[in-house]
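# here's a sequence, model it:
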Amino acid sequence: MINIYGEQGWIDEVADVLRELKESGLGPDLCSYNTLIKAYGIGGMVEEAVGLVREMRVSGITPDKVTYTNLVTALRRNDEFLEAIKWSLWMKQMGI
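From the prediction side, this is the model:
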């Protein structure tokens, strides 16, 4: 369900599912975070997308290639080209 919401850019619905996961003690997983980052990009909420990458790291979830690709795509989609280049270069340096 979270993937369907994310693909449509239904940010509120994705955020509700993530909130429910956190409240139930399960917590979001890598796929959930990746979906929300993509949804935030579709919805123009790039600061929130960047914040989620930070939240993942703090939570002990290692962002993967999909995470960073979704983030760079979100930045490009929302005309944050310099930030997209910065993240792309960082990915290259890290071998991602």
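
# may I see the buried residues of the worst-scoring helix or strand of the chain on mean pLDDT?
One helix or strand of the chain scores below all others by mean pLDDT, DSSP states H and E: helix 2-8, with a mean of 74. Neighbour counts over helix 2-8 (16 or more other Cβ atoms under 10 Å) mark 2, 5-6 as buried. Any C-beta I mention is one placed from the backbone N, CA and C, and that applies to glycine too.

# look up how far G95 lies from C31.
Using Cβ to Cβ, to the nearest Å, we find C31 at a distance of 22 Å from G95.

# neighbour count for these two, which is higher?
C31 (14 against 5; other Cβ atoms under 10 Å).

# what mean pLDDT does the helix or strand containing that one have?
Counting by DSSP states H and E, the element that carries C31 is helix 30-42. In this model, helix 30-42 has an average pLDDT of 89.

# kindly report the same for stretch 56-63.
Stretch 56-63 shows a mean pLDDT of 93.

# separation between the residue nearest the centre of the chain and G25?
In the chain, the C-alpha nearest the mean C-alpha coordinate belongs to I37, at 2.1 Å (Cα atoms, centre = their mean). Using Cβ to Cβ, I37 is found at 23 Å from G25.

# what do you get for I85?
Distance of I85 to G25, given as Cβ to Cβ: 39 Å.

# right, I'll leave it there.
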